[in-house]
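Model the structure of this input:
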Amino acid sequence: MGLGNPGRQYQQTRHNVGFRVVEVLARRWKLQGGRKAFSGRLVGARISRPGSTSRRVMLLEPHTYMNRSGQAVGALAAFYRIAREDILVVLDDMALPVGRLRIRAGGTSGGHKGLADVLAAMGTTELPRLRIGIGSPPPTMAGVDYVLTPFEAQEKEAIEQAIELAAQAAEDWVFDGIDVVMEKYNRRAETEKQNEREETDV
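Down below sits the predicted model:
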């Protein structure tokens, strides 16, 4: 499930990168349409990858607005009896630089109200999540206002690449599992961080 807010006015905001990853996956997997269900937009199909067993997947965009995202995922999980380890939540993260990814098998919400609501609805903190860095707000702006702003021109290339990479990570999660994906993508993020440090020191 990708977190975000419904409505055209929110489409390109920082808070909606989760929705955008879901949209990339729908195009990649050639999934058409979708339907209104479980307080959101749902599309499902069986997908395959060479060398792997096909998988049944569902993509969900909650349309409850961010702070009530748990209403949608809780209803979906209960209806289909989906195990918590089979749900991947994709969301934005102000604590990460723009474009940086971080994948975890569980943990706290980190102050993200959408994720907090999902965890409350599922009754556990052990829920896989893929965070996409959107950068931190300037000192003069509150976080609640910052997440509803669009990306700056100089950030757009980095965030577009991150959304595509996050979609690839989500697909890898479907076929390879959380441990493989954490090793692959978190290691990549650490390498990027180290490279940035070295460039700063030069």
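
Might you report the residue contacts of the closest residue to residue 97 other than its chain neighbours?
With sequence-adjacent residues excluded and distances taken as C-beta to C-beta, 6 or more residues apart in numbering, residue 97 is closest to residue 133, at 4.9 Å. C-betas here are computed from N, CA, C, even on glycine. Residue 133 makes contacts with 92-93, 95-102, 162, as judged by C-beta atoms under 8 Å, 6 or more residues apart in numbering.

Swap in 10 Å and give it another go.
14, 17, 92-102, 158-159, 162, 189 (C-beta atoms under 10 Å, 6 or more residues apart in numbering).

Tell me where this structure has strands.
With DSSP state E as the criterion, the chain has strands at 35-37, 40-47, 55-62, 89-93, 101-104, 129-133.

in the sheet, who's paired with the residue nearest to residue 97?
residue 93 (DSSP bridges).

Next, work out how far apart it and residue 46 are.
Per C-beta to C-beta, to the nearest Å, residue 133 is found 32 Å from residue 46.

From the centroid of the chain, which residue is nearest?
Centroid check for the chain by C-alpha atoms, centre = their mean gives residue 90 as the closest residue, at 1.5 Å.

buried residues in the helix ranked longest in the chain?
As assigned by DSSP state H, the longest helix anywhere in the chain is helix 156-176. Buried residues in helix 156-176, counted by 16 or more other C-beta atoms under 10 Å: 158-159, 162-163, 165-175.
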